[in-house]
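S.K.: Sequence unavailable; structure follows:
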């Protein structure tokens, strides 16, 4: 809780930074410092750093596993903190080097369950320790969760994260599958950030075309309509199910 403008430890600001590779991760744990290019460093003050490990970390990737207190910072050139890379294109550029305390392993990793691009962002210690999904960290309810609740209230037996295999190599993971007497229904939830780019729109159309060719009916819902009117979205799913002879229960994948 906050008292007269004072911030308690649970409400301390946390900057989420990216650990690009295992070399940087080893430096983080062993030497206890983290760097940010001066031109990208936030002006907002923060007391902790949390570290996002991308997909390149394999089974330990796409999640936040560690957080550490910030003990101080200094402005240095890249060549000073990474002297073994004097020929690096940014060797002469200024960085903020943050000195940190011992990194603390979170009780559970905060996972990036969707294809979401992570950049520098702020949260609080409270949210970090209470979150399981990266969207929870920012207080954003995942649209898949909203849609699932709306369909459950409408009595739709939907199967989340359903995998459709097409041949030996091509596989699609649907947000939801609903099986009906006259065919199968794919329900897709399109986040604004990921599904608004031209390249992704082309991929979505190709995916939908292949699913329809394989006998699926595809319904797509945008983030805005899901968050604004989830019940109306669920009614559209109900209508599609009726058109396909009514929803039936089926075994998951």
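M.R.: Alright, I've got the coordinates. What you see is a predicted model; the values in this text were computed from it and never measured.
S.K.: Against residue 147, how distant is residue 154?
M.R.: According to Cβ to Cβ, to the nearest Å, residue 154 and residue 147 sit 11 Å apart. Every residue, glycine included, has its C-beta placed from N, CA and C.
S.K.: where do the contact lists of those two overlap?
M.R.: Common neighbours of residue 154 and residue 147 are listed as residue 234 (criterion: Cβ atoms under 8 Å, 6 or more residues apart in numbering).
S.K.: Which one's more surrounded, those two?
M.R.: residue 147 (24 against 17; other Cβ atoms under 10 Å).
S.K.: now for the helix or strand where the more buried one lies, which elements pack on it?
M.R.: If you go by DSSP states H and E, residue 147 is part of helix 143-153. Using 3 or more Cβ pairs under 8 Å, 6 or more residues apart in numbering; DSSP states H and E, the elements in contact with helix 143-153 are strand 158-166, strand 170-180, strand 183-190, helix 223-228, helix 230-243.
S.K.: buried residues in the first one?
M.R.: Neighbour-count burial for strand 158-166, counted by 16 or more other Cβ atoms under 10 Å, picks out 158-160, 162, 164.
S.K.: And the next helix or strand past the helix or strand bottoming out on mean pLDDT in the chain?
M.R.: Scoring the helices and strands of the chain by mean pLDDT, DSSP states H and E places helix 192-195 at the bottom, with a mean of 56. Downstream of helix 192-195, the first helix or strand assigned by DSSP H and E is helix 198-213.
S.K.: Which positions within that next one qualify as buried?
M.R.: Neighbour-count burial for helix 198-213 flags 204, 207-208, 211 (criterion: 16+ other Cβ under 10 Å).
S.K.: Those residues into JSON lines, with extra columns for distance to residue 85 and pLDDT?
M.R.: Output for the buried residues of helix 198-213, formatted as JSON lines (distance: Cβ to Cβ, whole Å; pLDDT from 0 to 100):
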{"residue": "204", "distance to residue 85": "40", "pLDDT": "87"}
{"residue": "207", "distance to residue 85": "41", "pLDDT": "90"}
{"residue": "208", "distance to residue 85": "46", "pLDDT": "93"}
{"residue": "211", "distance to residue 85": "47", "pLDDT": "94"}
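S.K.: Against residue 248, how distant is the nearest residue to residue 161 once chain neighbours are set aside?
M.R.: Closest residue to residue 161 apart from its sequence neighbours, by Cβ to Cβ, 6 or more residues apart in numbering: residue 173 at 5.9 Å. Distance of residue 173 to residue 248, computed by Cβ to Cβ: 22 Å.
S.K.: again with residue 127
M.R.: Counting by Cβ to Cβ, the gap from residue 127 to residue 248 is 40 Å.
S.K.: Residue 22 too?
M.R.: For residue 22, the distance to residue 248 (Cβ to Cβ) stands at 48 Å.
S.K.: circling back: more neighbours: which of residue 127 and residue 248?
M.R.: Legend: neighbour count by other Cβ under 10 Å for residue 127 and residue 248, higher for residue 127 (17 against 13).
S.K.: so how far is residue 110 from that one?
M.R.: 9 Å.
S.K.: Got the domain ranges for this structure?
M.R.: The chain breaks down by automatic domain parsing into domains covering 9-137, 143-243.
S.K.: Report the distance from the longest one to the chain centre.
M.R.: Here domain 9-137 is found 16 Å from its chain centre; the criterion is Cα atoms, centre = their mean, to the nearest Å.
S.K.: which residues of the stretch 51-200 of the chain score low on pLDDT?
M.R.: Along the stretch 51-200 of the chain, segments meeting pLDDT under 70 span 114-116, 140-141, 168, 192-197.
S.K.: Neighbours of residue 108, how many?
M.R.: 11.
S.K.: Which helix or strand contains residue 29?
M.R.: Per DSSP H and E: helix 22-31 holds residue 29.
S.K.: For that helix, which helices and strands make contact with it?
M.R.: Using 3+ Cβ pairs under 8 Å, 6+ apart, helix 22-31 is in contact with strand 48-53.
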